[in-house]
Structure formats: C-alpha cells, structure tokens
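Colleague: Fold the following for me, if possible:
(one chain, ligands or ions: 1)
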Amino acid sequence: MDQSPNTTPSETGAPAEATSNASWLDTVSDHTVREMHAYMRLTREWDLRYEKMFKTGALSKWYSSVGNEATTVACASAIESGDALVSLHRDVGAILRHYIDIQSLFPEIFPGNMTLVRDPLSGDSRERLLRLACQMLGREHGFSGGHERSYHYNHLEPENGLIHIGMISHLGSMIPVAAGAALSFQQQGSDRVAINFIGEGATSTGDFHEGLNIASVWKLPFILVIENNHWAFSTPTSQQYACDNLASRAAGYGMPGIEVDGNDPVAVHQVMKSAVERARAGEGPTLVEAHVGRHRGHSEGDDSLNQVPSDELKGYLDNDPMDLIETRMINSGIVSRAWLEEIRERCSTLIMEVVDEAMAMPEPTPNSDRSIYAE
Ligand SMILES: Cc1ncc(C[n+]2csc(CCOP(=O)(O)OP(=O)(O)O)c2C)c(N)n1
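Modeller: I've put the predicted structure just below:
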C-alpha cells in the first residue's frame, strides 16, 4: 500500500527560520505571541501529564493533542466571549483557551495592565480547569458528572460568555451541529460566530458536504478548521483524497478556502482573524486547512503511529510547534530561556496540582446527577 501522504512534511509549512522574525512581529504584538505561547505550553503540559498516567496504567485511554497546539490555541484566540467552540478530542488547546483566563492564573507573568488578544473570560478559571481534569478522569465533579471520561460533553456558561459544544462522535458529525449554532446566532441577529475543528478523515464524509453547502448558501457565521495531520487513524492522505489540497474544495461551495502552516500560531491567528471578521460582517463561512504534524497515533496505544514511515515522522518531530515558537521567541528577543522555563514550570505545576486534586475526588455513585447507573 502506498503510505506516502499527498503533502510531504517539508510542504507542511515553512520552518520558523524561513520567515524573518521582524515580519513575524510586524503582524502581531509580542504580548500576543507570549499569550499564545503560554496557552500552547499549558496544553502541552496537560497532554504530557495524561500521557504519563496512561503509560503507568492510571488511565486506560488517552487522545493526545501534541503537535496541534499552535493551530488550536491560535484559532480559539481569534474568537470572543459568546462565540461557540465546537471541538473534537484533538482540540484541548482550544478548550483551554476558551475556558481559562491566563491572566487570572498567572497574574505575575501577565499583569492586569497587559493587553491580551482575547477579552478576559469571567468566572473561576482554576475551578473550570479542575472540572476539566475531573471530566478526563470520570470524576463526579466533571462536566458530565462522571458519565464518561473524554471530550464527549458540552459545557455552557453563557453568563460567563462560554459556549462549548463537545463532540458527539469523531469525523464530520459536528459540522452540521456547528453550522446549526451559527444559524442560531444569525437568527438572533447577533454577530457571534461558530468554529468547528475536524481531522482530514472527516472531509470524506457526507456531513462535510451537507454542512459546508448549507453554511455557504445561508451565509452562516461559520468557520471550519481542518487539522490535516496526513493520517486518519492508519489511513494516509493518499488513500483518503485525490485532490492536491482540501482548502481548494471550498470553491465548490462558493466560499474562501485557505491553507495555512498549522505549526505557526501567528499565521493561523492572522487567517482566523480575517475569517472571523468575514463571518461577523455577515459575509459567510470560511474553510481553513491547517497542516500539522502527526506526532502521536489516533489514540495512545492503538499502534497507528507505527504506520507512519520513520523519515516522515522525523519531519513532523523536527517541526514541533512548541520548539518552533520558543526558538522564534528567543531569536526575536521577546523573552529569555529562563522566562520560557518559568512558564513551563508554572504550567507543569498547575496541571500536576489540578490533576492530583481531581484524582482524589469522588467517582460517581448511583445517586449522582446524570448517573449511568439504575437506581
Ligand atoms: C461516526 C464515526 N465513524 C467512524 C469512526 C471510526 N474512526 C475513528 S477515528 C477515524 C478516522 C479519523 O480521521 P482523522 O480525524 O483525520 O484522524 P486522526 O488524526 O484522529 O487519526 C475513524 C474512521 C468514528 N469514531 N465515528
């Protein structure tokens, strides 16, 4: 079987050095870069903690988002309170960006007078992080009350500007749902938008066609982000689609389709900013194809990473978005190595504390709300 992807690692986006640091900082402020980096680091530490628990047998399954942080964090940075996030299991970066106000978590690093790209979210960020940790561990305090322990949940705090519609299933199932959220915003006469993430495997499903078609016909405030990591479980893109790229499919629906280097949060942020502006202005949806690396299998322990040829995998690992952004931050003189280490340490400690706290919390009982058990 031909295992080569349609897009090689070298085509998945220019390495950091290819873009001058000056032009990087011409487009966004150093505060924005520091903010996006901190959320990326928080996301990475989150995954590493759960991966470790999986390896030691404390967890039976884990879906890792390592390698997707630049795309997910930058996309969620482009939306505001009241917008709808519709995510899958690879999108914890967007969830953390949507739920957590980093300024309130790390006030010494991000003081209140520092203008960040996103409006501050109200409510208790640490408590939400704890509930998310409980959700992942099937604890009663999780968003689904211990009903399940993954990303198959919704969390709505409209009073705090938070609308998060979790996944029903993998693939394209959420595209019509997200388009429906966008329709609801349109009918309310608001300028809110809905964004939905999918993997490239979802683009071969009927939901993809139906959702994008109606979103374009009705000019819905909807943005669909394909996180193309070139492997759908163990199927390479060469076995998935025959077109050169997926963004070009947008033309068939009469909407813009944009390809972007998903390892570069600044590039993703710029693309999303224009897509969000277009949606808020009533001009309709946008399809974004972000090329990311395949750093992990579909889920930990499912063996799908072994399908990826070693030279291809090396290309992805050499373009780790965490390494790329940190190298660029140092080269631009935005921060020192010591500052990056401090952020890493704080994120790691916070995640460790919150996960330990969640581990000590009770599992659901037959009397718990939303219990799966019969009385
Ligand atoms: C509705 C539905 N159909 C099929 C599956 C089985 N399935 C799980 S993941 C997957 C491929 C996912 O593609 P993609 O998101 O590109 O892959 P990833 O990067 O997560 O491996 C399939 C077919 C499923 N979970 N749900």
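Colleague: didn't Met361 look like it was pressed against His141?
Modeller: Yes - in this structure, Met361 is within contact of His141 by C-beta atoms under 8 Å, at 5.2 Å. Glycine gets a C-beta too; all of them are placed from N, C-alpha and C.
Colleague: Give the residues shared as contacts by these two.
Modeller: Counting by C-beta atoms under 8 Å, 6 or more residues apart in numbering, the contacts common to Met361 and His141 are Cys134.
Colleague: With neighbour numbers in mind, choose between those two.
Modeller: Of the pair Met361 and His141, His141 is the one with more neighbours under other C-beta atoms under 10 Å, namely 19 against 16.
Colleague: List the residues that contact that one.
Modeller: Counting by C-beta under 8 Å, 6+ apart, His141 has contacts 130-131, 134, 358, 361-362.
Colleague: What about those, which one has the most neighbours?
Modeller: Looking at the contacts of His141 with neighbours defined as other C-beta under 10 Å, the largest count falls to Cys134 at 26 neighbours.
Colleague: Thr115: neighbour count?
Modeller: 9.
Colleague: quick one, phi/psi of Ala194?
Modeller: For Ala194, the backbone dihedrals (degrees, to the nearest 10) come out as phi -120, psi 130.
Colleague: now swap in the one 4 residues further on and tell me
Modeller: As for Ile198, its main-chain torsions (degrees, to the nearest 10) stand at phi -140, psi 160.
Colleague: what about it, distance to Asp91?
Modeller: 10 Å (C-beta to C-beta, to the nearest Å).
Colleague: again with Gly257
Modeller: 20 Å.
Colleague: who's more crowded, these two?
Modeller: Taking neighbours as other C-beta under 10 Å, Gly257 and Asp91 compare with Asp91 leading, 32 against 20.
Colleague: And that one, what's its pLDDT?
Modeller: Reading off the confidence values, Asp91 has pLDDT 97.
Colleague: hang on, it packs against Asn68?
Modeller: Yes - if you go by C-beta under 8 Å, Asp91 and Asn68 touch, sitting 7.2 Å apart.
Colleague: which residues are in contact with both of these two?
Modeller: Glu227.
Colleague: ok, stretch 261-280 near the ligand or not?
Modeller: No - in terms of C-beta under 6 Å from any ligand atom, no part of stretch 261-280 sits within range of the ligand; the closest distance is 12.3 Å.
Colleague: What residues sit buried inside that stretch?
Modeller: 261-273, 275-276, 278-280 (16 or more other C-beta atoms under 10 Å).
Colleague: Can you list which of these are found in strands?
Modeller: Judged by DSSP state E, the buried residues of stretch 261-280 include Asp261 as members of strands.
Colleague: Local confidence estimate at the closest residue to the ligand within the stretch 51-200 of the chain?
Modeller: The ligand sits closest to Gly199 of the stretch 51-200 of the chain, with a gap of 2.0 Å, by C-beta to the nearest ligand atom. pLDDT recorded at Gly199 is 97.
Colleague: Hmm, Asn229 and it touching each other?
Modeller: Yes - here Gly199 reaches Asn229: they are 6.8 Å apart, a contact under C-beta under 8 Å.
Colleague: When those two are compared, which one has more neighbours?
Modeller: A count of neighbours by other C-beta under 10 Å puts Asn229 above the other of Gly199 and Asn229, at 27 against 23.
Colleague: per-residue pLDDT, the more buried one?
Modeller: The model's pLDDT for Asn229 equals 98.
Colleague: which other helices and strands contact the helix or strand of the chain with the lowest mean pLDDT?
Modeller: Across the helices and strands of the chain, mean pLDDT, DSSP states H and E gives its lowest value to helix 21-27, namely a mean of 71. When contacts are defined as 3 or more C-beta pairs under 8 Å, 6 or more residues apart in numbering; DSSP states H and E, helix 21-27 packs onto helix 265-280, helix 321-331.
Colleague: JSON lines for those helices, including distance to Glu289 and mean pLDDT?
Modeller: Shown next, in JSON lines, are the helices and strands packed on helix 21-27 (distance: least, C-beta to C-beta, whole Å; pLDDT from 0 to 100):
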{"stretch": "helix 265-280", "distance to Glu289": "10", "mean pLDDT": "97"}
{"stretch": "helix 321-331", "distance to Glu289": "16", "mean pLDDT": "96"}
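Colleague: Tell me the residues of the stretch 1-150 of the chain that contact the ligand?
Modeller: Within the stretch 1-150 of the chain, not a single residue sits near the ligand (C-beta under 6 Å from any ligand atom).
Colleague: so where's the stretch 1-150 of the chain shaky on pLDDT?
Modeller: 1-22, 120 (pLDDT under 70).
Colleague: quick one: contacts for the nearest residue to Thr115 once chain neighbours are set aside?
Modeller: Leaving aside its sequence neighbours, Thr115 sits nearest to His31 (C-beta to C-beta, 6 or more residues apart in numbering; 6.3 Å). Shown in contact with His31 (C-beta under 8 Å, 6+ apart): 114-117.
Colleague: now, the most widely separated pair of those?
Modeller: Met114 and Val117 (10.8 Å; C-beta to C-beta).
Colleague: In terms of neighbours, single out the busier of those two.
Modeller: Val117 (17 against 12).
Colleague: Surely that one and Asp30 touch.
Modeller: No - under the criterion of C-beta under 8 Å, Val117 makes no contact with Asp30, lying 11.5 Å away.
Colleague: Name the next helix or strand following the strand or helix carrying Ala133 along the chain.
Modeller: Using DSSP states H and E, Ala133 falls within helix 125-136. For helix 125-136, the following helix or strand on the C-terminal side (DSSP H and E) is strand 155-157.
Colleague: Perfect, I'm done here.
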